[in-house]
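Novice: let's see this in three dimensions:
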Amino acid sequence: MNAPLQCPREGAELGGQQLGGRVLGFRIDVCPKCQGTWFDRGELRLVTNDRAIEALIKDYATTAPNPIHCVRDRTPMRKRTIGDVEIDVCQKCGGFWVDGGELEELEEAVQAVEAPPKEGVPLVAALTPRDVALLAWIAPDTLSRLQHETHPR
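Specialist: Okay, here's the model as predicted:
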């Protein structure tokens, strides 16, 4: 039997949280203290419904030293900063550590960007550079669709 996973921030044993249904569901690992979440390869894609998200995070992660290590293989993790949110990436196993509350911050930012525009104002006019960066990271398909609708060829 494998040793239980431990939070890279708190050292607490990670507990499981079931997502999805009973047939197609999967389990993510959550720290009971800090609410940080460990996503094994493929799980973040399932949560966000975005096939490209994991590659975007992993490919653009910095090589700068990171004080935390992968919960699976103990290798030093890399950082990927989007807006105010920092995701820790394991280049070896493809897993991701997200501190408590950060997924919600990103989701709120994307929802604000995807909200219906005010009457007479195109949505693209309301986007800040930060909004565009977040949308490109969280929902690249939505950004692409928005760009095509705004600037048809």
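
Novice: can you give me the distance of residue 81 to residue 104?
Specialist: Distance, residue 81 to residue 104, by CB to CB, to the nearest Å: 17 Å. The way it works is simple: take the backbone N, C-alpha and C, and place the C-beta from them, glycine included.

Novice: what is the nearest residue to residue 20 once chain neighbours are set aside paired to in the beta sheet?
Specialist: Closest residue to residue 20 apart from its sequence neighbours, by CB to CB, 6 or more residues apart in numbering: residue 26 at 5.9 Å. Using DSSP bridges, the bridge partners assigned to residue 26 are residue 19.

Novice: distance check, residue 26 against residue 51.
Specialist: The spacing between residue 26 and residue 51, counted by CB to CB, is 16 Å.

Novice: of these two, which one has the most company?
Specialist: Neighbours per residue (other CB atoms under 10 Å) separate residue 26 from residue 51, with residue 26 holding more: 16 against 11.

Novice: residue contacts, the more buried one?
Specialist: Shown in contact with residue 26 (CB atoms under 8 Å, 6 or more residues apart in numbering): 18-20, 43, 46.

Novice: how about the strands of the protein, start to end?
Specialist: All strands of the chain, identified by DSSP state E, fall at 15-19, 26-30, 37-39, 78-82, 85-89, 96-98.

Novice: in its sheet, what does the last one sit against?
Specialist: The strands that strand 96-98 pairs with in its sheet are strand 37-39 (antiparallel), strand 85-89 (antiparallel) (by DSSP bridges).

Novice: output these as a markdown table; include the columns mean pLDDT, mean neighbour count and distance to residue 13.
Specialist: Below are the strands paired with strand 96-98 laid out as a markdown table (pLDDT from 0 to 100; neighbours: other CB atoms under 10 Å; distance: least, CB to CB, whole Å):
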| stretch | mean pLDDT | mean neighbour count | distance to residue 13 |
| --- | --- | --- | --- |
| strand 37-39 | 93 | 23 | 12 |
| strand 85-89 | 86 | 21 | 18 |
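
Novice: neighbours of the closest residue to residue 89 other than its chain neighbours, how many?
Specialist: Of all residues not flanking residue 89 in the chain, residue 61 sits nearest, at 4.2 Å (CB to CB, 6+ apart). Neighbour count of residue 61, defined by other CB under 10 Å: 20.
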